[in-house]
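Undergrad: Need coordinates for the below:
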Amino acid sequence: MARLKAALGYIAAVWSSVIMLATMPAIMLLSEPLLKATGLTQADKYTGGPVAQTLDHGGYQTQVHKASFQALLGESQEGFIQVNWAPRGGPPPRLEEEVDANGDGQADLRLEVDTAAPSAALTPYVAWAVGIEGPYQLKDSLMVRVLLENPRR
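TA: Numbering: from 1, shown residues only. Sure, this is the predicted structure:
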């Protein structure tokens, strides 16, 4: 009886390994449809959130994302707004952009970006724009994140 239990255990282990190895290549193919079917999305912390405004400057575009104060529950005290310039080779050597972070029609901050260095400077027009991260060279764009304090908290 002990030999039968051991043999069945080994058979189950081998079949589990075969099933696992067979499904590994399909994980990448099945993950996107599964996420779409469940309605899950990537966190704004990683993607910058949805694009709120696109400004076309001819050779390049400025994409201003919605302000993100995402937390596990509710909203965080600190957040950010992400600004992308695409394509990466398109922007001029020096960018100056006024950004409406809260969508009220008035500029809340001014970004000055040296794309050659790369370096960035922030001139806030509101008290809740507190800092800047970046610029970062992405695969197809240049990106900065403006750090914000949550004005609703």
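Undergrad: Give me the pLDDT for the residue most central in space within the chain.
TA: With distances taken as CA atoms, centre = their mean, residue 47 lies nearest the centre of the chain, 1.4 Å away. Looking at residue 47, its pLDDT is 76.
Undergrad: any idea how far residue 128 is from it?
TA: 22 Å (CB to CB, to the nearest Å). For every residue, glycine as well, the C-beta is placed using N, CA and C.
Undergrad: just residue 145 next, same as before
TA: In this view, residue 145 and residue 128 are 14 Å apart by CB to CB.
Undergrad: same deal with residue 11?
TA: 63 Å.
Undergrad: can you list contacts of stretch 116-129?
TA: 93, 101, 107-114, 130-132, 134-135, 137, 142, 144, 146-151 (CB atoms under 8 Å, 6 or more residues apart in numbering).
Undergrad: end-to-end on it?
TA: Terminal residues of stretch 116-129 lie 25 Å apart, using CA to CA, to the nearest Å.
Undergrad: again, but for stretch 86-100
TA: 19 Å.
Undergrad: Average pLDDT for it, rounded please.
TA: 76.
Undergrad: element containing residue 110?
TA: Applying DSSP states H and E as the criterion places residue 110 in strand 109-114.
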